[in-house]
Structures are given as C-alpha cells and as structure tokens.
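Student: this one's sequence-less:
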DNA sequence: TCCGGTGATACTCGAGGGGTATCACTGGAT
DNA sequence: ATCCAGTGATACCCCTCGAGTATCACCGGA
C-alpha cells in the first residue's frame, strides 16, 4: 500500500469543508485557516487523486461526479476517524485487558419510546454487573450521526423514520399510529380515522419532519422537535401522524385518534457492527428479552 | 470540532502497524521509516488522546484496553479512508453531474454461486443502460474487506460463511448442503446423510475453513481455496460440507451426498450502505428479480 | 469603466516529521 | 558475575511542507 495513495485526515477535512460551503473563503474561515493554503491543498488533492473534484466557474464552485463521491465517502471516513478517537478516549481509564468501555452511551430521540426506554433502563440496572448508562438525547435522525462518529455506543431508533443502514440492530417493539389533532378540530371526536382523511386537509396541513437533513415539500410547518409540534397542534395550526406511544406527551388541547391504515412504527436497538464489548452485549440481550 | 482532537491518517497507520506487530522495530520497517520517529509518534498519540495504548514491558509490547479499541476502530477508519480515495478515483473520468462510477466492481468468492452469477451477469448485460461489470475474485471472507476498503462496489456473499454486518443486502438464493466425499469412501454410495454421520469420522476429518482470518481447531486439513479442497478430497484425505451448487465443480473422484439436517446456505447480494449510484441500483434490482 | 468579490500565485517563515547516533534497561547464555 | 543481543527511548540535526501575507487575474454588475 503506497503511502502516496493515502488521503490524510487534514485533506479530507479541507475538501469536505469546501464541498459543503461551495466557497473557498467561507470554508477557509470555517477551518480557521487562510484561503490560499486551502486552495493549494485542494489542488494538491486533485493532483494526487488524478481526478478533478471541483468545477471552478467564476462566481462559485460546483462539485464534479468524483467530488460528490468524495464528499460522501470522505464524510464517512472522517466520522470513522473521530469515532476511533472518541471511543479510544472513553475506553481509557479502564483496565489492561480486552474489556472496552465501562460506561455505555445510549442515544435516544427525545420523548420517543418513553415507556420502552424506562423498562429497558430498569431491567438493565437490575442486573448484577450492569455498566453505567449515559443517555444522549438527540434531535430527529441524529442518533445515526452519534452512533457513526463515536459519541454513542448504542441507540434506540424507529423505522420508518430513522435509517438502520450500516448498523446491526434488533427489533424491540412495533406499534400502530395515531393522528394527533387539535382538540377543537371536527375530526377529533372520531374514534378511528384513515390516513387519507388526515392528509390533504386544507385547514390542517400535516407537519413536516426532516429526512436526511432536509424537509419534504408540502404546505405544513417545518418541525424540529416534539415540543414545537405539540405547541403548533395545540394552537390549531397543524396535525401529525405519530406512534401510539406519543400519547404519553399529549396536552389537554390535543386529541388522539387511532389510524386504521397507517404503516406501523417499529423501535429498534441499533449499534455499530463489530462492537464486541460485554456491557453492550448485555444491554442488547436485556432489550430483546423485554 | 477542535483540530487537536482529530487523528491524522498517518498516526492511525503507525499505531495499527505497531499494534499488529507488537514490535516497534518491525512496525517501523513495515512502514518504511526508522524506529525512533515511530516511537515518538506513538507517544505523541497517547499524549494527545490522554490514554495509554501500549504496555511497554521490556521484551515486547502488549495492547491496553484502549489500545484494542483503537486497533479495531482505527482499522475501520483506515479502510473508510482508502475506500474514499479509491472510489473517488474510479468515479473520475465520468461526467460533471452527480452520476458516480460507470464501471461496477463485483466481488465474488471463487467458484461459489456459479450458476447464479452467470444468470445475474447475463440478465444485467441484457439491459439497455448496463454498466460494465468487472469481476473481482476473492478468497474466503475477502469480499467483506474489498467492499469495505473500496476495491469493490458490490459483492455476492454467503451466510453463514460471510458476515453481512455493516452492509445493506438482499437475499437471492437459499440452497441445501451436500457432503462432498472421495468417490471411494463407503459413505459415498448413500443417497442421504445426516450431519452427525460426516462429522467426527476418524478416517475422514472435515476440512477447516478460515473464519475471520483464523482456523477453528480440529483434526482436518486447513483449506484456503476450493481447488485445494477438491484435490485433498480426490486423494481421500478429507471431506467437506458444501452448498448444493458446489456440484458444478465436482471431479470424477468426488461423490456428493445430500445432507438432511445441515443448516442451509443463503447467497446475498451486499453493498456498502448509502451507495446511491444508478448502475448499482439497477444491478441490485436485476438480482432480486432473478 | 471601475469596483467588489472570486480563486490562484509568489514568496517567506517556522513547526514538526524524519534521519542518525546513542542511551538505558532487561533476560539469558556462558 | 559478566557480557551480549535486542528492546524501546532520547538527543540532536536537517529539511520538507503547511500556513501566513501580499498580490494577481478574472468576471459581473452598477
């Protein structure tokens, strides 16, 4: 493996910054360096790879096909690198033998799977050799990042919201969906609804959640967390389709109506492949037995 | 994200070399540098992470817990980094827009799933916008590495032999198992056998395949590829439990007997998560429709 | 036509990565 | 007891290469 064939972390960081900003000056500022060294570094990277990564049109920069590939792969590689640093540091202090971390970081989406989470934590803590579990509250879709870059060891994720791609996982719980409506809305008195009845309501556009960092198009408001959603529903501005367990956080101004035909939500416990720490294995076993 | 928190590729390469050799001198030779800079680099890495990675006992070096974590995570990170370089280079030459590589590299285990592979290649080639497919023959369990470090875009893998951990995959074909015996062996005349009848035969120890780079313990010969196996069976020295499709490569000196109770083998098509190239998506679709 | 803003180039400086020589320590053979 | 082979660590020097400053070349728009 020739050393000149290998990308340095610094080069990847620089390229990802430029590719995300599509602007050398801003990228350099973000990286805390001056613009000229950045230009040179990118040129050198292109020479080394023998492939143009950026189209320099005056008035801005755009990615070539190879550039898009390197952006995706480079992000992943950077994540893996920082994950290595973080997990190593966390594994510090521990003993000399092969045991990894004695503290597990569990990434959870705020206010999701509350019951399940409580049961899991209780069941695990009751075990004799339980490790300490640190909870890492995440925004929507953030668990994937946390798991990937080493800030978390294990996560609770929900399909079809979160992507399990690239992780090992076990299914924990499948639940139906409810429509959460303002209590004052005409449909709030129904005992059941079908999905088509709550989509495309002109007076009550469904809230939109980010998928992979961007929002799908639509008339409804863009939501970042559950509190925002709860408030907007209470104000009669929007409605949402949620897992049944969301009943735990409903307000008096909310109404929940079971949906008959919405695709179910499944909560999984997920972890990076090839993790082999004993505390993690025990937590997973505990979760499956719930 | 503080820059001092980030590991350089060079540091990872150095550490992985030392951790694998458990010897500074040999590691330095392998890296093509002198020993003193290597010692310094590792010390610096330990200082930076704030964690001891190696126990320096005179007479050799051993890994601490944190060291083992960094070895595993560092290998993964290095793989991801070289994968980024390779895939970017391969995506070169292509156009300016978001399209990735126009040539797909398919990793296959030599002589496995021969029929399936032929059908897949034919069906794919018959499509209008088929990309060129390059076949990358692999040793046992090598597809995982090829996929991980970017030498391959997609692979055919078999459970329970290969691990699909960390990849996306689709099931293609499940087949039973046969015992492959020397034609002269008494059991060769049977029409079916059970697993217990072919294991623990004192005169015919089962061949051993590597799992994760090492061989399980046992009396049988250690096998690296299918040709070696075929030869040893023909010579009456060993027997093996193979998928049914192995009948395609049997010799006259071989006999195949169906096994009634062996766990089946499933061939999957697997690819790195988050791959989004059109040719790959088409190949996967073609494979599923077979 | 000039100006604001883009990225590239020229030059200089200094940190740090790499080399050689050597040390300090240990286990084992005699 | 002594010496030797072999380990990793230290001391010291060189020089590459990454980063900064100043400047250029080029374009779009008022």
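Tutor: All right, it came through fine. Keep in mind the model is a prediction, meaning the values are calculated, not measured.
Student: CA only for contacts and neighbour counts going forward, please
Tutor: Fine.
Student: quick one: contacts of stretch A:50-62?
Tutor: For stretch A:50-62, contacts defined as CA atoms under 8 Å, 6 or more residues apart in numbering or on different chains pick out A:19, A:22-23, A:46, A:63-68, B:88-89, B:92-93.
Student: chain center to that stretch, what's the gap?
Tutor: In terms of CA atoms, centre = their mean, to the nearest Å, the centre of stretch A:50-62 is found 30 Å from the chain centre.
Student: per-residue confidence averaged over the helix or strand hosting residue A:84?
Tutor: Assigned by DSSP states H and E, residue A:84 belongs to helix A:65-90. On average, the pLDDT along helix A:65-90 is 93.
Student: Stretch A:25-34 now?
Tutor: Mean per-residue pLDDT for stretch A:25-34: 91.
Student: What about DNA strand C: which of the contacts of stretch A:50-62 touch it?
Tutor: A:22, A:23 (CA under 7 Å from any atom of the strand).
Student: Check the contacts of stretch A:50-62 for burial and list the buried ones.
Tutor: Those of the contacts of stretch A:50-62 that meet the buried threshold are A:19, A:22-23, A:46, A:63-68, B:88-89, B:92, by 16 or more other CA atoms under 10 Å in any protein chain shown.
Student: all helices of the stretch 151-290 of chain A, in order?
Tutor: A:195-198, A:226-234, A:278-288 (DSSP state H, counting those that start in this stretch).
Student: DNA strand D is nearest to which of the ones you listed?
Tutor: Among those, helix A:278-288 comes nearest to DNA strand D, with 29.5 Å by CA to the nearest atom of the strand.
Student: Give me the distance from that closest one to the chain's centre.
Tutor: Mean C-alpha position of helix A:278-288 versus that of the full chain (CA atoms, centre = their mean) differs by 21 Å.
Student: Roughly how far does the closest residue to residue A:241 other than its chain neighbours sit from residue B:234?
Tutor: Excluding the flanking residues, the one nearest residue A:241 by CA to CA, 6 or more residues apart in numbering or on different chains is residue A:179, at 4.6 Å. To residue B:234, residue A:179 is 67 Å away according to CA to CA, to the nearest Å.
Student: More neighbours: which of the two?
Tutor: More crowded of residue A:179 and residue B:234, by other CA atoms under 10 Å in any protein chain shown: residue A:179, with 26 against 22.
Student: Next one: the more buried one from DNA strand D, what distance?
Tutor: 48 Å (CA to the nearest atom of the strand, to the nearest Å).
Student: who's in contact with that residue?
Tutor: Residue A:179 makes contact with A:193, A:198, A:239, A:240, A:241, A:242, A:256, A:257, A:258, A:259, according to CA under 8 Å, 6+ apart.
Student: Out of those residues, who's the most crowded?
Tutor: Ranking those using other CA under 10 Å puts residue A:239 first, with 28 neighbours.
Student: per-residue pLDDT, that one?
Tutor: The model's pLDDT for residue A:239 equals 90.
Student: try the one 4 residues further on
Tutor: Looking at residue A:243, its pLDDT is 91.
Student: OK, contacts around it?
Tutor: By CA under 8 Å, 6+ apart, the residues touching residue A:243 are A:175, A:176, A:177, A:178, A:264, A:265.
Student: need the residues of chain A near DNA strand D, please.
Tutor: Near DNA strand D, when you scan chain A using CA under 7 Å from any atom of the strand, you find A:32, A:33, A:34, A:35, A:36, A:37, A:38, A:41, A:58, A:59.
Student: Buried among those? Need that as a selection in ChimeraX.
Tutor: If you want just the buried ones from the residues of chain A next to DNA strand D in ChimeraX, going by 16+ other CA under 10 Å, the selection is:
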select /A:35,38,41
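Student: out of the helices of the stretch 151-290 of chain A, nearest to DNA strand C?
Tutor: helix A:278-288 (32.4 Å).
Student: quick revisit: could the helices of the stretch 151-290 of chain A go into a markdown table alongside mean pLDDT?
Tutor: Formatted as a markdown table, the helices of the stretch 151-290 of chain A follow (pLDDT from 0 to 100):
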| stretch | mean pLDDT |
| --- | --- |
| helix A:195-198 | 86 |
| helix A:226-234 | 86 |
| helix A:278-288 | 93 |
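Student: now these as CSV including distance to DNA strand C?
Tutor: Formatted as CSV, the helices of the stretch 151-290 of chain A follow (distance: least, CA to the nearest atom of the strand, whole Å):
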stretch, distance to DNA strand C
helix A:195-198, 45
helix A:226-234, 35
helix A:278-288, 32
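Student: Cool, thanks, talk later.
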